[in-house]
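Visitor: Okay, sequence plus prediction incoming.
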Amino acid sequence: MAEKIILDVDTGHDDMVAIVMASGLEEIELMGLVAVVGNQILEKTLANTLKVCELIGQQAPVYAGMDRPLVRPKVIGGDIHGESGLDGPVFPTLVKKPQALHGVHFIIETVLANPHEITLVPTGPLTDIAMAIRLEPRLPSLVKRIVLMGGSMGRGNRTAHAEFNIFADPEAAAIVFGSGAPIVMMGLDVTLQVVLDENRSATYGKLTTRTAAMFNASMAHYIQACRRHGSEFPAMHDPCCIAYIADPSIFTTEFHDIEIELHDREKYGKTYAGTTNGSGTVQVGIGADADRFWKLLDRAFTRLP
């Protein structure tokens with residue numbers, strides 16, 4: 001049976017791939033999407049989410065979430081994802097509209113109406129999920145699980161210590177990781193193992209579907225941005241969450257206790273991993289079979305326009 005998910009996205013280049021995978025894999029039923037501030041300001045991440053859904057024919061409702069972090073000043077990732085947050089593809093004039101209900105309330109209502117059936121998949125800062133937990137304390141015990149992209153047991157990618165999604169709202173991350181909800185963390189330890197290399201990029205470049213054209217235009221920008229920042233090829237950070245839900249056997253994981261640094265200014269947003277004796281509460285991705293990841297994306301492409 002397909003797993004019911006809510007995608008909580010700050011739609012940039014890798015979020016776009018996550019939306020494509022979630023829409024094209026029959027293992028997944030996308031209940032709705034919530035846009036949050038992150039890679040760009042909320043107005044842009046919301047517009048990008050609507051544009052991607054419209055282009056690939058995804059009918060699920062789209063909601064606006066939080067437009068700023070809980071406590072810290074806003075940080076965005078425009079240096080990677082560009083002025084629009086999804087530079088590269090050219091989209092037709094947008095028709096699809098966001099829902100009137102706030103995204104945080106959509107998350108709460110959907111989880112309460114489907115106890116133990118909804119997997120929350122935040123691929124941006126954890127602001128919406130934290131706010132939902134604060135508003136509805138029963139949420140952690142009623143979600144099936146939270147599969148999130150964020151954190152690192154080693155170095156960061158926004159600072160030497162912190163990964164971008166956690167750094168963008170460390171207080172929200174502390175609420176989510178401390179909530180008692182079942183959590184799978186797909187951090188940099190695993191996502192940096194799944195990269196779009198030259199060969200794969202060339203293979204996808206030959207695809208001419210509408211969805212593939214969006215993907216290729218987006219990845220062309222993403223590759224250039226990554227090279228400006230010192231990495232040869234872009235990692236598929238956010239889609240690793242979707243791949244994990246569709247086929248967990250692609251990944252190897254360990255259990256750790258995860259704590260978030262909130263007080264040391266230099267290490268603000270760092271994820272500390274506690275002991276690995278199997279007693280930790282967070283399942284952390286540490287290894288990926290990249291070839292099998294790409295087979296899932298291939299399959300998603302065949303089912304989308």
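Guide: Received it, and whenever you're ready, just let me know what you need.

Visitor: from here on, contacts and neighbour counts on C-alpha atoms
Guide: Fine.

Visitor: so what's the nearest residue to Met153 once chain neighbours are set aside up against?
Guide: Distance criterion CA to CA, 6 or more residues apart in numbering; nearest residue to Met153, sequence neighbours excluded, is Ala273 at 6.0 Å. Contacts for Ala273 were tallied using CA atoms under 8 Å, 6 or more residues apart in numbering; they are Met153, His256, Asp257, Ile258, Glu259.

Visitor: Neighbour-wise, give me the winner out of these.
Guide: Highest neighbour count within these: Ile258, with 24 neighbours (other CA atoms under 10 Å).

Visitor: That one bridge partners, please.
Guide: Taking DSSP bridges as the rule, Ile258 bridges to Ala273.

Visitor: hang on, it packs against Thr271?
Guide: Yes: taking CA atoms under 8 Å as the definition, Ile258 is a contact partner of Thr271 at 6.3 Å.

Visitor: What segments of the stretch 51-200 of the chain are helices?
Guide: Assigned by DSSP state H, counting those that start in this stretch, the helices in the stretch 51-200 of the chain fall at 78-81, 103-113, 127-135, 139-142, 164-167, 170-177, 188-191, 198-205.

Visitor: Please render these as a markdown table that adds mean pLDDT and distance to His221 to the earlier fields.
Guide: Converted to a markdown table, the helices of the stretch 51-200 of the chain look like this (pLDDT from 0 to 100; distance: least, CA to CA, whole Å):
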| stretch | mean pLDDT | distance to His221 |
| --- | --- | --- |
| helix 78-81 | 67 | 8 |
| helix 103-113 | 98 | 29 |
| helix 127-135 | 98 | 27 |
| helix 139-142 | 98 | 37 |
| helix 164-167 | 96 | 19 |
| helix 170-177 | 98 | 28 |
| helix 188-191 | 95 | 19 |
| helix 198-205 | 90 | 12 |
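
Visitor: would a markdown table of these with distance to Val62 and mean neighbour count be doable?
Guide: Below are those laid out as a markdown table (distance: least, CA to CA, whole Å; neighbours: other CA atoms under 10 Å):
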| stretch | distance to Val62 | mean neighbour count |
| --- | --- | --- |
| helix 78-81 | 21 | 19 |
| helix 103-113 | 8 | 20 |
| helix 127-135 | 14 | 23 |
| helix 139-142 | 21 | 20 |
| helix 164-167 | 21 | 28 |
| helix 170-177 | 22 | 23 |
| helix 188-191 | 26 | 23 |
| helix 198-205 | 28 | 13 |
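
Visitor: and of the ones you listed, who's closest to Ile5?
Guide: Closest approach to Ile5 among those is made by helix 103-113 (9.9 Å; CA to CA).

Visitor: List every C-alpha atom in the closest one, with coordinates, as CSV.
Guide: Output of helix 103-113 as CSV, limited to C-alpha atoms (Å, rounded to 0.1, in the frame of the first residue of the first chain):
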residue,chain,number,x,y,z
GLY,A,103,0.2,24.9,6.0
VAL,A,104,0.9,24.2,9.7
HIS,A,105,-2.9,23.7,10.3
PHE,A,106,-3.0,21.4,7.2
ILE,A,107,-0.2,19.3,8.7
ILE,A,108,-2.0,19.0,12.1
GLU,A,109,-5.5,18.3,10.6
THR,A,110,-4.2,15.7,8.2
VAL,A,111,-2.2,13.8,10.9
LEU,A,112,-5.1,13.9,13.4
ALA,A,113,-7.5,12.6,10.7
